[in-house]
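Q: Kindly return the folded structure for what I paste below:
(one chain, ligands or ions: 1)
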Amino acid sequence: MCGIVGYVGEKQALEVVVAGLRRLEYRGYDSAGVAVISDGRLEIRKKAGKLANLETLLGQDPLPQSTTGIGHTRWATHGGPTDHNAHPHVSADGRVAVIHNGIIENFAELREELQSRGVELASETDTEVVAHLLAEAMPDSDLAQAMQAVCHRLEGAFTLVAMDPHDPTTVVGARRSSPLVVGLGEGENFLASDVAAFVEHTRDALELGQDQIVVLRADSVQVLDFDGAPVEAKPFSVDWDASAAEKGGYELFMLKEIAEQPKAVADSLRGRLDAQQRIRLDETQIDDGVLRQISKVVVIACGTAAHAGMVAKYAIEHWTKLPVDVELASEFRYRDPIVGPDSLVIAISQSGETMDTLMALRHAKDQGARTLAICNTVGSTIPRESDAVLYTYAGPEIAVASTKAFLTQIIAAYLVGLYLAQARGAMFEDEIRAIMQDLSDMPQKVDLVLDTVEPVRALAQEYAEAGSVLFLGRHVGYPVALEGALKLKELAYMHAEGFPAGELKHGPIALIEDGVPVIVIVPSPRGRSVLHGKIVSNIQEIRARGARVIAVAEEGDEAITPFADHIIRVPETPTLLQPLVSTVPLQVFACELATVKGHDVDQPRNLAKSVTVE
Ligand code: F6R
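A: Now for the predicted structure:
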């Protein structure tokens with residue numbers, strides 16, 4: 001949420017910063033703004049709406065040349081998406097420009113304090129108070145020292161990046177619980193919310209820890225704690241290049257990311273068996289002895305990642321016989337979750353920065369739980385704060401709606417489940433190998449779904465005017481139903497809900513009326529065939545009341561044919577792996593429906609990727 005870029009070097013800062021913002025726009029698109037330093041003065045341009053609006057403004061009112069600059073793309077929290085609430089914000093004396101991601105929770109009291117000293121505030125944002133506080137601290141100190149002093153006064157989560165025209169070749173950043181990474185170039189350095197902003201210039205980066213300040217110059221990067229003591233930052237290198245974050249010939253990032261799923265699944269499985277054909281999780285640092293003592297597993301995650309966790313619950317319980325709870329991270333720490341040293345808490349997050357998940361993770365750690373992150377973003381906060389990490393290899397996910405991350409999160413959570421089963425002796429080794437073999441067939445099966453998905457587009461067009469779409473599933477098909485409904489809500493802005501098929505008759509069946517489209521994820525008839533029989537009964541119940549049934553069913557499942565108005569076929573797959581194929585047509589359905597309705601598929605309204613506020 002909110003994209004931040006800072007640059008100091010030899011190039012034209014504006015070009016570097018705007019290109020970086022273009023790559024970060026998925027983090028927020030309520031407004032965009034840039035600041036450069038020229039002739040000892042701050043020069044700022046900012047505009048409500050998407051980055052394109054700012055670019056138009058820059059065409060009409062160009063900025064002077066400068067080799068130091070900062071830029072911001074906003075997801076509004078405090079104050080509407082207007083020009084005057086757009087970042088950067090400047091202190092009353094014009095001395096400091098600041099951009100911000102996160103929420104300053106004590107901003108109201110700081111605002112009052114500033115007003116009592118006669119400071120006039122120009123916006124409704126929490127960010128602006130920081131600009132004034134920095135300026136007040138500046139007469140006696142430089143920007144980095146002022147930043148230390150101000151950070152001590154702030155409550156909440158924040159990334160701040162600021163510039164002072166009196167020191168025109170320096171940019172200062174600070175972070176607490178919100179993302180900020182450093183890009184290390186030759187004679188130039190970068191700050192950004194994520195590496196996508198600078199990966200076309202450098203793949204060498206530094207992770208910043210909690211409560212740290214970074215002083216960026218063209219030829220040096222200094223990392224300090226909030227008391228000014230030097231800190232060693234951990235270097236890492238980005239394992240993908242700039243082309244991975246481009247559309248590569250696709251019209252939409254989402255279409256590209258849907259198409260990349262076979263590769264993402266294959267990459268996430270690669271190298272997971274050792275020479276003895278036992279599961280190997282290199283990045284896991286929890287001792288097997290500790291894993292043998294675990295008596296419960298708790299998954300914490302949000303949105304799509306939580307749906308991946310729900311799928312994994314069925315598999316991990318089946319394989320390890322350990323109880324698995326899946327908790328929405330935003331609810332977790334506000335009740336009294338029963339976790340302790342005998343709990344393995346698995347945090348699933350594509351971005352590794354989702355604030356709800358981070359706070360739940362910290363709460364679990366405070367209770368003494370062992371923690372493991374499943375994450376797609378190297379260098380992000382959630383893996384850094386976990387005891388162990390298993391990275392997914394989906395590559396950068398730019399479309400706001402998650403697709404390839406979901407499939408790889410399921411893969412990673414399954415690997416953790418199999419690893420637990422192996423460490424605890426809960427399964428025979430040949431059983432584990434057989435499942436690994438089934439998993440290794442999945443990239444090809446997902447590819448097959450993609451090859452045969454065209455009729456789903458026609459179907460989406462047919463139902464574009466539906467008032468609401470319901471999704472039903474049983475067992476692992478239930479979280480798939482939830483995911484299908486979420487995709488439709490966020491992309492097509494339609495009423496959509498996912499239900500366990502058996503639950504419908506306990507109330508929601510009242511929603512069924514003539515013509516309501518219901519997408520049913522049909523369990524394999526070859527698995528627990530009782531589930532198949534039950535869902536056929538559920539279909540009959542809704543058809544009797546006028547529903548139009550779209551069945552997502554396995555190739556060869558002819559028993560379903562008489563009961564469906566449309567059938568979307570997916571390849572034969574073991575029951576627990578079915579979500580890896582049955583989700584894909586639902587992604588395509590939502591994407592197509594949103595396109596038909598003329599919506600911005602990659603940047604849906606009101607949303608942003610990487611939700612760094614609670
Ligand atoms: C939905 C979607 C969100 C994210 C959720 C968690 O398409 O993308 O529901 O899944 O915000 O994000 P991460 O995985 O980054 O923690």
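
Q: Excluding chain neighbours, give the residue nearest to residue 224 in space.
A: The spatial neighbour of residue 224 that comes closest, neighbours along the chain excluded (CB to CB, 6 or more residues apart in numbering), is residue 213 at 4.7 Å. Just so you know, the C-beta spots here come from the backbone N, C-alpha and C atoms, and that holds for glycine as well.

Q: In contact with the residue of the stretch 201-350 of the chain found nearest the ligand, which residues?
A: Taking CB to the nearest ligand atom, the ligand has its nearest neighbour within the stretch 201-350 of the chain at residue 303, 1.8 Å off. Counting by CB atoms under 8 Å, 6 or more residues apart in numbering, residue 303 touches 402, 486.

Q: hang on, the earlier thing: show me the contacts for the residue nearest to residue 224.
A: Contacts of residue 213 by CB under 8 Å, 6+ apart are 144, 147, 148, 151, 172, 173, 174, 223, 224, 225, 226, 228.

Q: tell me the mean pLDDT for the one helix or strand it maps to?
A: According to DSSP states H and E, residue 213 maps onto strand 212-217. Averaging pLDDT along strand 212-217 yields 98.

Q: How far away from the center of its chain is that strand?
A: Relative to its chain's centre, strand 212-217 lies at 26 Å (CA atoms, centre = their mean, to the nearest Å).

Q: Farthest-apart pair in the contacts of residue 213, please.
A: 173 and 228 (14.7 Å; CB to CB).

Q: Quick check on these two: which one has the bigger neighbour count.
A: residue 173 (26 against 12; other CB atoms under 10 Å).

Q: Give me the residues contacting the helix or strand where the more buried one lies.
A: Assessed by DSSP H and E, residue 173 sits inside strand 171-176. For strand 171-176, contacts defined as CB under 8 Å, 6+ apart pick out 6-8, 68, 70, 102, 143-144, 147, 151, 154, 156-164, 180, 191, 208, 210-216, 226.

Q: Stretch 421-428 now?
A: Outside stretch 421-428, the residues that touch it by CB under 8 Å, 6+ apart are 278-279, 288, 291-292, 294, 319-321, 418, 420, 429, 432.

Q: Show me which residues of it are buried.
A: For stretch 421-428, the neighbour count (16 or more other CB atoms under 10 Å) marks 421, 422, 423, 424, 426, 427 as buried.

Q: Next: stretch 468-479.
A: Across stretch 468-479, burial judged by 16+ other CB under 10 Å covers 469, 470, 471, 472, 473, 474, 475, 476, 477, 478, 479.

Q: I'd say the third one and residue 498 touch.
A: Yes: Residue 471 is within contact range of residue 498, at 4.2 Å (criterion: CB atoms under 8 Å).

Q: Give me the common contacts of these two.
A: In contact with both residue 471 and residue 498: 481, 482, 484, 485, using CB under 8 Å, 6+ apart.

Q: Dump those to a markdown table, plus secondary structure and distance to residue 609.
A: Below are the shared contacts of residue 471 and residue 498 laid out as a markdown table (DSSP: H, G, I helix; E, B strand; the rest coil; distance: CB to CB, whole Å):
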| residue | secondary structure | distance to residue 609 |
| --- | --- | --- |
| 481 | helix | 23 |
| 482 | helix | 19 |
| 484 | helix | 20 |
| 485 | helix | 19 |
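
Q: After the longest helix seen in the chain, heading C-terminal, what element do we hit next?
A: Ordering each helix of the chain by length in residues (DSSP state H) puts helix 404-423 first. Counting by DSSP H and E, the next helix or strand C-terminal to helix 404-423 is helix 429-440.

Q: Might you name the residue of the stretch 501-614 of the chain sitting closest to the ligand?
A: Nearest residue of the stretch 501-614 of the chain to the ligand: residue 611, at 4.8 Å (CB to the nearest ligand atom).

Q: helix/strand/coil for that residue?
A: Per DSSP: H, G, I helix; E, B strand; the rest coil, the secondary structure class of residue 611 is coil.

Q: What is the neighbour count of it?
A: So residue 611, with other CB under 10 Å, has 20 neighbours.

Q: now the protein, which segments are flagged as low pLDDT?
A: The chain contains residues with pLDDT under 70 at 282-284.

Q: So which residues on it come close to the ligand?
A: Residues of the chain that fall close to the ligand, judged by CB under 6 Å from any ligand atom: 302-305, 349-351, 354, 357, 401-402, 486, 490, 610-611.

Q: try it again with 5 Å
A: The chain has residues 302, 303, 304, 305, 349, 350, 351, 354, 401, 402, 611 near the ligand, with proximity defined as CB under 5 Å from any ligand atom.

Q: From these, which land in helices?
A: Using DSSP H, the residues of the chain next to the ligand in helices are 303, 304, 305.

Q: Return the residues in contact with the second one.
A: Read that as residue 304. 350, 401, 402, 405, 406, 409, 483, 486.

Q: Pull the distance from the strand holding residue 173 to the chain's centre.
A: When C-alpha coordinates are averaged (CA atoms, centre = their mean), strand 171-176 and its chain have centres 22 Å apart.

Q: One more: stretch 58-71?
A: For stretch 58-71, the distance to the chain centre is 30 Å (CA atoms, centre = their mean).

Q: what sits up against that stretch?
A: Contacts for stretch 58-71 (CB under 8 Å, 6+ apart): 4-14, 16-18, 20-21, 32-39, 43, 45, 88, 97, 99, 161-163, 168-171, 218.

Q: what pairs with residue 234 across the strands?
A: Beta-bridge partners for residue 234, by DSSP bridges, are residue 207.

Q: Please enumerate the strands of the stretch 101-250 of the chain.
A: Ranges of strands in the stretch 101-250 of the chain, per DSSP state E, counting those that start in this stretch, are 156-163, 171-176, 181-184, 189-192, 204-207, 212-217, 220-225, 234-237.
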